[in-house]
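Q: the sequence isn't on hand, but the structure is:
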């Protein structure tokens, strides 16, 4: 009996497939991959190549909206110097929003995984459901809730907790909006990794005389690390590239890099090359951060 | 030092071990809070998530004039004729069409890719992993910008112009990775020996797939399709770049937000929310009924 199980479970047996079989199988694999890979090639890789070439183009002087092929590094210099404050704001606000989202999301994910019992599915639906009201409608709702005449601002004002007198049209409102909008992306991966954890391991931490916080820091948090990693990435990346929260909740001056890219492409004639350089710099910065972050805290396979 | 010695000498500590001891009210409240801390904060967070939805719902009844910002009285008017505002329902129909087509194509292509990536060994697996991962790690604004440049400067030469088609092409692209990841997770959780058993019972590869593999990964595929639809339906940033003159619902709302969103948009937004929640709950009920039925069947056999 145990011998049979050993044979069945032995990975060496299934791996030792005859050679012609394995080439046939890999041909099937390529056929399965081909349509999707082609789609990503044409509508992801190719556009990025085009964007790279645009980021090096120059304008025809006197003809806004017309460009010629060039290797104009000036666009990148402009992106990195003129728009350095915009990059700094994007990463700062996105970083703060990610941190806040983590603090808010963790208790919810924890409660869903260990305390919810039969309410678990209902709570899951509650986390996803707000998604189905358009996020622009919800962000607009926040702009009304946080408005000067709204109850949040008035209550804080009465309590003398509002030094500037406003929440709306300040960076605080932008960070609040970013935190809100990407919160489910933080909750779901943390929940998924906590759900896989064995609650008895956490109990064991308590049995070994660790207090609540020590148990959390040395047992619970490390077990949920893959989820925390995925959640912070899924929150930070869209937040850093966002411009809608800034547009609807933020101040007139002191925009984020997303606003600049959007305006240069869609509102200002002749803005393509610098906007493309900005886009590429943003993407490179984010990919570099993701790479370092995953190397530092990472799991073997992210996808 | 003091903290170590005091519990031994003070009466409450010794009393705590005796069965008749009842802690003070403050202490009991504190214990109750400590016990239910996670659940209480979870409920607060859920309320926070729903606050703007509730606001959207409330202001769908606002008897507003030019802008729907200050509460001006109750009316059913907007619920009686949600299409009363020019462009609102047209944009909704466009969004539903885009969502349906993008979901269908992305789910089929993504499922095929996920099957290849889990079940087969092939050269270039690392490259295919990167190809799936990088679109998810790219900010939407960069994808939107890149798509705009290729559509305007490249594909317009072969007769593809900004509009419905370019929206669908782009949505399929960004939904694809999420479908692959979701379906992959489902396939990975399956025991490959089930399929091997089917082949041992002389089922061919096609038969094995449709009779064994497909039904087992179907929940994952449906979940992926739901995710794809919600991503597509709510997308604004990429759509804004590639839509030209075509209006989707999020774009309609965004453009309207500069002047004040009409309450009809609140009606449509909230109705979609209710529909989606009912659909999800319905799917859950059907799913649990089916799983309990099949459990019952296997028990009776």
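A: Received, thanks. Worth saying up front: this structure is predicted, and the values here are computed from it rather than measured.

Q: could you tell me how many residues sit around the residue of the stretch 201-303 of chain A found nearest chain B?
A: In the stretch 201-303 of chain A, the residue that lies nearest chain B is residue A:241 (2.6 Å; Cβ to the nearest Cβ). Where C-beta positions appear, they are placed from N, C-alpha and C, glycine not excepted. Residues near residue A:241, counting by other Cβ atoms under 10 Å in any protein chain shown, number 26.

Q: show me what contacts the residue lying closest to it once chain neighbours are set aside?
A: Closest residue to residue A:241 apart from its sequence neighbours, by Cβ to Cβ, 6 or more residues apart in numbering or on different chains: residue B:139 at 2.6 Å. Listed by Cβ atoms under 8 Å, 6 or more residues apart in numbering or on different chains, the contact partners of residue B:139 are A:237, A:238, A:240, A:241, A:242, A:258, A:282, A:283, A:286.

Q: any chance you could map the helices in the stretch 51-200 of chain B?
A: Under the criterion DSSP state H, counting those that start in this stretch, the stretch 51-200 of chain B contains helices at B:77-80, B:88-119, B:125-137, B:140-153, B:164-188, B:192-200.

Q: next, give phi and psi for the residue in chain B positioned nearest to chain A.
A: For chain B and chain A, the shortest gap (Cβ to the nearest Cβ) falls at residue B:139, measuring 2.6 Å. Main-chain dihedrals, residue B:139, degrees, to the nearest 10: phi -60, psi 140.

Q: confidence score at it?
A: For residue B:139, the pLDDT comes out at 93.

Q: nearest spatial neighbour of the residue positioned nearest the centre of chain B, skipping sequence neighbours?
A: The centre of chain B sits closest to residue B:227, judged by Cα atoms, centre = their mean, with a distance of 4.6 Å. Distances taken as Cβ to Cβ, 6+ apart put residue B:178 closest to residue B:227, at 5.5 Å, once the chain neighbours are dropped.

Q: OK, contacts around that neighbour?
A: B:110, B:136, B:224, B:227, B:228, B:231 are the contacts of residue B:178 under Cβ under 8 Å, 6+ apart.

Q: same question, residue B:54
A: Residue B:54 touches nothing, counting by Cβ under 8 Å, 6+ apart.

Q: at 10 Å what do you get?
A: The neighbours of residue B:54, taking Cβ atoms under 10 Å, 6 or more residues apart in numbering or on different chains as the test, are A:130, A:141, A:145, B:47, B:270.

Q: from those, which is closest to residue B:289?
A: residue A:130 (26.9 Å; Cβ to Cβ).

Q: quick one: that closest one from chain B, how far?
A: Here residue A:130 is placed at a distance of 5 Å from chain B (Cβ to the nearest Cβ, to the nearest Å).

Q: my read is that residue is in a strand, agree?
A: No. If the criterion is DSSP: H, G, I helix; E, B strand; the rest coil, then residue A:130 is helix and not within a strand.

Q: quick one: buried residues of the helix or strand residue B:227 falls within?
A: Taking DSSP states H and E as the definition, one finds residue B:227 inside helix B:214-234. By neighbour count with 16 or more other Cβ atoms under 10 Å in any protein chain shown, helix B:214-234 contains the buried residues B:217, B:220-234.

Q: same check, this time on stretch A:103-116
A: A:104-116.

Q: also stretch B:120-130?
A: Those would be B:120, B:122, B:128, B:129, for stretch B:120-130 by 16+ other Cβ under 10 Å.

Q: same deal with stretch B:256-263?
A: For stretch B:256-263, using 16+ other Cβ under 10 Å, the buried residues are B:256, B:257, B:261, B:262, B:263.

Q: which two from the residues you listed end up farthest apart in space?
A: Going by Cβ to Cβ, the pair spanning the buried residues of stretch B:256-263 furthest: B:257 and B:263, at 13.2 Å.

Q: hang on, residue A:147 is in a strand, isn't it?
A: No. Under three-state DSSP, residue A:147 sits outside any strand and is assigned coil.

Q: where does the residue nearest to residue B:227 land on pLDDT?
A: 93.

Q: so how far is residue A:97 from it?
A: 21 Å (Cβ to Cβ, to the nearest Å).

Q: on that earlier part again, could you tell me which of the contacts of residue B:54 count as buried?
A: Buried among the contacts of residue B:54 (16+ other Cβ under 10 Å): A:130, A:141, A:145, B:270.

Q: the last one reaches residue B:50, doesn't it?
A: Translated: residue B:270. No. Using Cβ atoms under 10 Å as the test, residue B:270 is too far from residue B:50 to be in contact (11.7 Å).

Q: need the residues touching each of the two.
A: A:133, B:57.

Q: where does the prediction get shaky in chain A?
A: Filtered on pLDDT under 70, chain A yields the residue ranges A:1-25, A:63-65, A:209-210, A:298-303.

Q: change it to 50
A: A:1-21, A:300-303 (pLDDT under 50).

Q: find the centremost residue of it, please.
A: residue A:234 (2.7 Å).

Q: any idea which helix or strand carries it?
A: Assigned by DSSP H and E, residue A:234 falls in helix A:225-241.

Q: and that helix, what does it pack onto?
A: helix A:84-110, helix A:171-196, helix A:257-266, helix A:272-297, helix B:125-137, helix B:140-153 (3 or more Cβ pairs under 10 Å, 6 or more residues apart in numbering or on different chains; DSSP states H and E).

Q: and it, what's buried?
A: Those would be A:226-241, for helix A:225-241 by 16+ other Cβ under 10 Å.

Q: now do the contacts for the residue nearest to residue B:237 when sequence neighbours are not counted.
A: Nearest non-adjacent residue to residue B:237, counting by Cβ to Cβ, 6+ apart: residue B:140, 4.1 Å away. Contact partners of residue B:140, counting by Cβ under 10 Å, 6+ apart, are A:237-238, A:241-243, A:258, B:174, B:235-241.

Q: same thing but at 8 Å, please
A: Contacts of residue B:140 (Cβ under 8 Å, 6+ apart): A:238, A:241, B:174, B:235, B:237, B:238.

Q: which non-adjacent residue is nearest the first one?
A: Once its chain neighbours are removed from consideration, residue A:238 has its nearest residue in residue A:182; the separation is 5.8 Å (Cβ to Cβ, 6+ apart).

Q: quick check: residues of the stretch 151-300 of chain A near chain B?
A: Taking Cβ under 8 Å from any Cβ of the partner chain as the criterion, the stretch 151-300 of chain A approaches chain B at residues A:180, A:183-184, A:212, A:233, A:237-238, A:240-244, A:248, A:258, A:261-262, A:265-266, A:272, A:275-276, A:279-280, A:282-283, A:286-287, A:290.

Q: can I get the buried ones among the contacts of residue B:54 in CSV including distance to residue A:198?
A: Below are the buried ones among the contacts of residue B:54 laid out as CSV (distance: Cβ to Cβ, whole Å):
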residue, distance to residue A:198
A:130, 31
A:141, 40
A:145, 41
B:270, 41
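
Q: from those, which is closest to residue B:82?
A: Closest to residue B:82, out of all of the buried ones among the contacts of residue B:54 and judged by Cβ to Cβ, is residue B:270, at 10.0 Å.

Q: secondary structure element for that closest one?
A: helix B:263-300.

Q: which elements pack onto that helix?
A: helix A:120-128, helix A:135-145, helix B:25-58, helix B:77-80, helix B:88-119, helix B:214-234, helix B:249-257 (3 or more Cβ pairs under 8 Å, 6 or more residues apart in numbering or on different chains; DSSP states H and E).

Q: any idea how far the shortest one is from the middle of the chain?
A: Which is helix B:77-80. 28 Å (Cα atoms, centre = their mean, to the nearest Å).

Q: swap in the last one?
A: Offset of helix B:249-257 from its chain centre (Cα atoms, centre = their mean): 21 Å.
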